[in-house]
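Asks: sharing a model prediction with you, sequence too.
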Amino acid sequence: MSLAALPSISLPDLSDRRADFPILDERVHGRRLVYLDNGATTQKPMAVIQAEMDFYARENANIHRGVHLLSQRATDRYDAAREAVREFLNAARNEEIVFTSGTTQAINLVAWSWGMANLGKGDEILLSTLEHHSNIVPWQLVARQTGAVIRVIPVLDNGELDQEAYQSLLGPRTRLVGLVHISNALGTINPVREMIAQAHAVGARVLLDGAQAVAHTPVDVQALGADFYAFSAHKLYGPTGMGVLYGRHELLDAMPPWVGGGDMIHTVSFEESTYAPVPQRFEAGTPNIAGVVGLHAAIRYVQAVGLDRIAAHEHELLEQGTVALLALPGVRIIGEAANKAAIISFVVDGIHPHDLGTILDTEGVAIRAGHHCAMPLMTRFGIPGTARASFALYNTAQDVRDLVAAVAKAQELFGTGRPA
């Protein structure tokens with residue numbers, strides 16, 4: 001199929017939203033920027049940039065302990081953001097929302113606070129082959145300290161988790177299931193509601209890594225039955241260095257502090273300290289207040305666009321990109337789950353993913369190349385890594401065409417494309 005013959009697609013009209021992202025006007029090596037590295041981080045709309053600027057320009061102060069007006073304003077903004085996150089996730093109460101520096105810190109908080117208090121020798125932590133390193137390494141560290149054992153849910157050739165194997169791995173010693181909601185490396189959307197119910201049936205708790213989910217699909221933690229849910233603002237069109245841990249109140253309330261310092265205490269003496277209730281217990285020190293304000297703005301932005309519209313738009317781009325890339329000789333997609341988010345992870349015969357990513361960059365196309373912090377998954381498929389194109393609400397059908405044209409040019413340069 002020639003590029004000219006690629007089928008046209010009818011996308012939900014989000015064309016007006018592209019102008020909200022000033023960075024998309026940048027030129028890369030003299031070419032139009034085609035930003036397809038959204039799985040690593042999304043670009044930021046002007047509404048988010050402006051919200052942080054306005055905070056620093058007009059309201060900057062520390063929160064909670066100040067009696068002056070600016071401190072009261074900053075505290076109000078901080079508390080309003082917590083309510084916005086609660087609404088966004090449909091958590092039962094504000095106290096279930098803990099602000100963190102990102103998904104990684106959120107998972108580490110659960111591992112070191114809940115894990116160290118609840119895991120013992122021979123207890124089992126069940127993880128999947130699809131996990132990001134941030135949902136593997138913390139549990140390895142805690143397992144080493146507690147004597148717990150990590151067991152692994154295998155993945156099928158199409159990138160879906162082996163559900164029969166999962167059910168067989170669940171048992172009376174299973175204490176924690178750590179599960180990615182949407183795979184950052186393959187785009188696989190796991191059937192998390194069903195998997196959570198199965199874990200709860202054996203008395204296990206479940207932590208979901210939602211870093212790749214919250215920008216692409218509505219998340220209702222109560223409907224899912226999640227015990228813990230973690231995500232990062234920077235993959236939700238928000239600022240870097242900002243994230244959220246949702247935890248059911250009764251679980252958080254029973255967990256000991258993880259990091260000590262100011263604002264997480266009730267009383268302090270040299271003999272003993274007592275601790276604040278949740279969530280303050282887990283928010284030691286001066287938080288990333290501007291980041292919280294930016295996250296609030298990002299949530300409002302996504303809600304204004306509509307997650308259902310975003311999901312439909314991205315699904316059409318996924319369909320278009322999949323057809324177009326497979327039309328090129330020597331291109332193989334890794335991860336063809338029946339239920340996928342808008343991530344295409346692929347390899348090209350005769351071209352290392354890093355070389356491919358470098359050539360695409362010269363054409364103005366930004367993708368991610370490598371193991372995507374999912375080395376066990378790459379080992380499962382017998383490859384060093386993949387090229388990954390991940391889509392967002394501001395991507396277009398023209399972006400897909402430019403991606404395919406750039407891959408074809410790389411094949412031409414390496415002499416691996418279709419013979420003339």
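Replies: Alright, I've got the coordinates.
Asks: once you drop chain neighbours, what's closest to residue 404?
Replies: Using Cβ to Cβ, 6 or more residues apart in numbering and skipping the chain neighbours, the partner closest in space to residue 404 is residue 324 (4.5 Å). Just so you know, the C-beta spots here come from the backbone N, C-alpha and C atoms, and that holds for glycine as well.
Asks: the one you found: which element?
Replies: Counting by DSSP states H and E, the element that carries residue 324 is helix 307-326.
Asks: for that helix, the distance to its chain's centre please.
Replies: Relative to its parent chain, helix 307-326 has a centroid offset of 18 Å by Cα atoms, centre = their mean, to the nearest Å.
Asks: what does stretch 268-276 give?
Replies: 36 Å.
Asks: cool, stretch 257-277 as well?
Replies: Taking Cα atoms, centre = their mean, one finds the center of stretch 257-277 at 31 Å from the center of the full chain.
Asks: got the contact list for that stretch?
Replies: Residues outside stretch 257-277 that contact it (Cβ atoms under 8 Å, 6 or more residues apart in numbering) are 64-65, 95, 108-109, 112-113, 253, 280-286.
Asks: now it - C-alpha only, CSV.
Replies: Backbone C-alpha positions of stretch 257-277 (Å, rounded to 0.1, in the frame of the first residue of the first chain) are rendered in CSV as follows:
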residue,chain,number,x,y,z
PRO,A,257,4.4,6.9,58.1
TRP,A,258,7.0,6.3,55.5
VAL,A,259,8.9,9.7,55.4
GLY,A,260,9.2,11.9,58.5
GLY,A,261,9.3,15.6,58.8
GLY,A,262,7.1,18.7,59.0
ASP,A,263,3.3,18.7,58.4
MET,A,264,3.0,14.9,58.9
ILE,A,265,3.1,15.1,62.7
HIS,A,266,0.6,15.9,65.5
THR,A,267,3.1,16.3,68.4
VAL,A,268,6.9,15.9,68.5
SER,A,269,9.2,15.5,71.5
PHE,A,270,12.6,13.9,71.7
GLU,A,271,11.0,10.9,73.5
GLU,A,272,8.2,10.3,71.0
SER,A,273,6.2,11.7,68.1
THR,A,274,2.6,11.3,67.2
TYR,A,275,1.4,11.5,63.6
ALA,A,276,-1.2,13.4,61.7
PRO,A,277,-4.2,11.6,60.2
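Asks: buried residues, that stretch. List them.
Replies: Neighbour counts over stretch 257-277 (16 or more other Cβ atoms under 10 Å) mark 257-258, 263-265, 275-276 as buried.
Asks: now swap in stretch 352-371 and tell me
Replies: So for stretch 352-371, counting by 16+ other Cβ under 10 Å, buried means 353, 355-357, 359-361, 363-371.
Asks: between those, which sits nearest residue 123?
Replies: residue 371 (29.2 Å; Cβ to Cβ).
Asks: list the residues that contact that closest one.
Replies: Here residue 371 is in contact with 185, 377-378, 384-385 (Cβ under 8 Å, 6+ apart).
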